[in-house]
Every structure is written in structure tokens, then in C-alpha cells.
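>>> from the sequence below, what's the structure:
(one chain, ligands or ions: 1)
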Amino acid sequence: MQHIAQKVKERTGVNTTVRDIENIMSALCCTGDFYELIRLSNEPFVVVVETLEVLIDEKLVELTDRGYLAISQRGREFVKNHNIKPISDHICSNCGGRGIQLGDFKSLLLKFKEITCGRPVPVAEYDQGYVTEETAVARIALMADRGDLDGKDIIILGDDDLVSIAAALSGLPARVTVLEVDERIVRFIDDVALKYNLPIETRIYDLSKKLPDEYVGKFDTFITDPPDTLEALKLFVKRGIASLKGVRCAGYFGVTSAEASFNKWYELQAALLAECHVVITDIIHNFNHYMNWDYLPENFKGRLPFLKQRPSNIWYCSSMYRVETVGIPDTANDDVSDTRQLYVDRESIV
Ligand SMILES: [Fe+2]
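Numbering: from 1, shown residues only. Predicted coordinates for the structure are as follows:
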């Protein structure tokens, strides 16, 4: 398998090991659906694509005429010889692995669904792709359970997920503030807040710009869903931390496997400890489920047949990080001059 990992590493520039190839083969033992394969393998999208190309070249994997993937006879021998097992699935069917129940937030979910239909459609320009309504409300339940919601001042940095509406509907936070770059989303939240008498403050704000002074050091809890480049992850979290009042305040953000290899996770976690003075209290695997969005498959037109299949289920997920401040970091609150590296790196899908 070493030579396969090496080829994939050369083609993608992403550090790829035998374990990554094993994970993809394990997932291939369970599904022939490309998008399901991404979700099950927990491997970066670009790594899975290149690995499949190599596996097809080596006749270990075949394509069916409908664009599905199948392990070949030769591939089955390979799996057996390398002692690769199918992925085990013991995720709790009650909570989907999130570790929380909606409980008294179930009625909030119904209301949230009713209110948010007609929301703005995602656009690629801002790396949008919003989470399911269940995810948005589960975030509120999680924040409530961790003591980060009731009576707290909450800031949401980028809110195409409309978490502000879910938070305000709970009636629990002292204050809900949204900073968002997309005018359509700000207008939508403002309209909802007016119509349903929800206390949400909004402001149009581009996260590459310095956090305005009136938001620095004012909040108990931040939540954000950054693009998965290391630069964006670090920047969004640092903006969030700049907004916090001080020690023992909390932050929430999602990090995927589909666009962030574990080498990137390592860099991020090292930066969180060294530069942000936080502890990582929770990483909840695939807590955030994203609605399938329209613009993704268009980027891959003309590539391999398995990329032409449209996703049949939700496949893009992120793990929920919760961090808590244990010191006051001296993070610079400056404008970012070169924003290109915020949105795209070699692990990006788009
Ligand atoms: Fe559960």
C-alpha cells in the first residue's frame, strides 16, 4: 500500500499514509457511493479522488456503468491480504452520535424550520453551505448543556446557518449578535427578528477586517463555521477569541475531515494551545451535517464518472470543536491584506 500512498501524496501534495489508504479501502467495503465513501472514510476529498484513480488504474476498484464503485476480484484479494476490515458502525441511533438529545428544544426545531424556509441560497463566493435545521438546533442544545447559552452574551461570526435565530428562539441568551458579510443573510435575519420580535443585533462585517472595537471583549460565547484552510480556521477562531470577555469563556466551530487532513488538524490544535490560550474541551465527531448544495458537482464536470453522480444523502459533515479560554491571549486584531489563502488551499474541494 505504501506505493499507493506515495503516488497520492505526490499528486495531491497532501501527506498521505498507508492508514489513509486503509481507511478508504475499509469504506469501499461498505459502500460504492462516492459521497458516502467520503463520509465513511473521514479522509480528505482530494485524497479520496486521487486514491480512487490509482485504485482504478491498478484494477483494484471497478466502476459500474452507473458510476458507482466496486472492489474488483483482485481488490478483494488485496483487502484480504492486507487484513482490511469493513468500517464498524456503532453510532448511537438516538442522537446520531452528537451525544445530546433535543428534549424541550424539539418545539424550537419545528418553529425554526417554519421560520427559515425561504432562506437565501448558498453562494460559492463566501464559501457558504449551511447546516441542517437539526444541526442548528443541536448546536443550541449543546451550548445550553455546556453552560454557554442561558443568560450569556452570544456572538455569531458568519451566520448562513442562522444559528442566531435558533438561539434567540430559545429565549435563553442575554444578547445575540451576528456579524455577517452577506447582505442577503443580514436582511433575512433582520426581517425574521422584526416579524417574530426576536432580540438579534446584526451588522455587515467581513471577517478579514479587524473586529470593530465595540465587539472586542464583550461576549461570553462565540460560534463560527470557518472555511477549512488553516489560515481561515485560525483567523476566525482568533476573531472569536478577541470578542470574548476573558478567561473561562467558550467558543464553538466546525472542522471537517473532507477538507482538512489530520496534519492540518495538528497545526490548528497546536495554534489553539500556543497562540489562543484555550483548552479543547470537546471534539464531537461529525456533529454538523451540511445540506447538499448545488455548486459543488459543477466544479468537477468532465472528471471521472464517479464524480458525476449527485449525492443521494448528506455527506459533508464537520466535527464540532468547543474551546474554553484559560488565559488572555494577546492576539493581534488586524486586517488581513491577502485574503486568497483564506478560502483555498491544496485540500479544498472548490
Ligand atoms: Fe446518543
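
>>> now do the contacts for residue 18.
Residue 18 makes contact with 1, 2, 5 under the criterion CB atoms under 8 Å, 6 or more residues apart in numbering. Heads up, the C-betas are built off the backbone N, CA and C, glycines and all.

>>> same question, residue 2
residue 18.

>>> burial of residue 99, as a residue count?
Other residues lying near residue 99 total 16 when counted by other CB atoms under 10 Å.

>>> my guess is it meets residue 284, correct?
Yes: using CB atoms under 8 Å, residue 99 makes contact with residue 284 at a distance of 6.1 Å.

>>> any idea how far the nearest residue to residue 22 once chain neighbours are set aside is from the ion?
Across the structure, with CB to CB, 6 or more residues apart in numbering as the measure, the residue nearest residue 22 apart from its sequence neighbours is residue 84 (5.7 Å). As judged by CB to the ion, to the nearest Å, residue 84 and the ion stand 28 Å apart.

>>> so residue 84 touches residue 29, yeah?
Yes: in this structure, residue 84 is within contact of residue 29 by CB under 8 Å, at 7.0 Å.

>>> these two: which has the busier surroundings?
Between residue 84 and residue 29, counting by other CB under 10 Å, residue 84 is the more crowded of the two (19 against 15).

>>> hang on, that one in a helix?
No: in this structure, residue 84 is coil, not part of a helix, as judged by DSSP: H, G, I helix; E, B strand; the rest coil.

>>> now it: how far from residue 18?
To residue 18, residue 84 is 11 Å away according to CB to CB, to the nearest Å.

>>> again with residue 69
Going from residue 69 to residue 18 by CB to CB gives 20 Å.

>>> same check on residue 30?
19 Å.

>>> can you check residue 1 too?
Distance, residue 1 to residue 18, using CB to CB: 5 Å.

>>> restrict stretch 46-61 to CA atoms and write it as CSV.
As requested, the backbone C-alpha atoms of stretch 46-61 are provided in CSV (Å, rounded to 0.1, in the frame of the first residue of the first chain):
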residue,chain,number,x,y,z
VAL,A,46,-8.9,15.3,-2.8
VAL,A,47,-7.1,12.3,-1.3
VAL,A,48,-10.1,10.0,-1.9
VAL,A,49,-10.4,11.2,-5.5
GLU,A,50,-6.7,10.6,-6.3
THR,A,51,-6.7,7.3,-4.3
LEU,A,52,-9.7,6.1,-6.4
GLU,A,53,-7.9,7.0,-9.6
VAL,A,54,-4.8,4.9,-8.5
LEU,A,55,-7.0,2.0,-7.3
ILE,A,56,-8.9,2.0,-10.7
ASP,A,57,-5.6,2.2,-12.6
GLU,A,58,-4.3,-0.8,-10.6
LYS,A,59,-7.6,-2.7,-11.2
LEU,A,60,-8.3,-3.0,-7.6
VAL,A,61,-11.6,-1.0,-8.0
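
>>> tell me the buried residues in that stretch?
Of the residues in stretch 46-61, those buried under the neighbour-count criterion (16 or more other CB atoms under 10 Å) are 46-56, 60-61.

>>> for these, work out which two are farthest apart.
Across these, the longest distance by CB to CB is 19.3 Å; it joins 46 and 60.

>>> ranges for the strands of the stretch 201-350 of the chain?
Assignment of strands within the stretch 201-350 of the chain using DSSP state E, counting those that start in this stretch yields the ranges 221-224, 250-255, 278-289, 317-325.

>>> low-confidence regions, the stretch 51-200 of the chain specifically.
Low-confidence regions of the stretch 51-200 of the chain, defined here as pLDDT under 70, cover residues 127.

>>> and the buried residues of stretch 46-61 as a markdown table, adding distance to residue 191 and secondary structure?
Formatted as a markdown table, the entries for the buried residues of stretch 46-61 read as follows, by distance: CB to CB, whole Å; DSSP: H, G, I helix; E, B strand; the rest coil:
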| residue | distance to residue 191 | secondary structure |
| --- | --- | --- |
| 46 | 39 | helix |
| 47 | 42 | helix |
| 48 | 40 | helix |
| 49 | 40 | helix |
| 50 | 45 | helix |
| 51 | 46 | helix |
| 52 | 44 | helix |
| 53 | 47 | helix |
| 54 | 50 | helix |
| 55 | 50 | helix |
| 56 | 49 | helix |
| 60 | 54 | coil |
| 61 | 49 | strand |
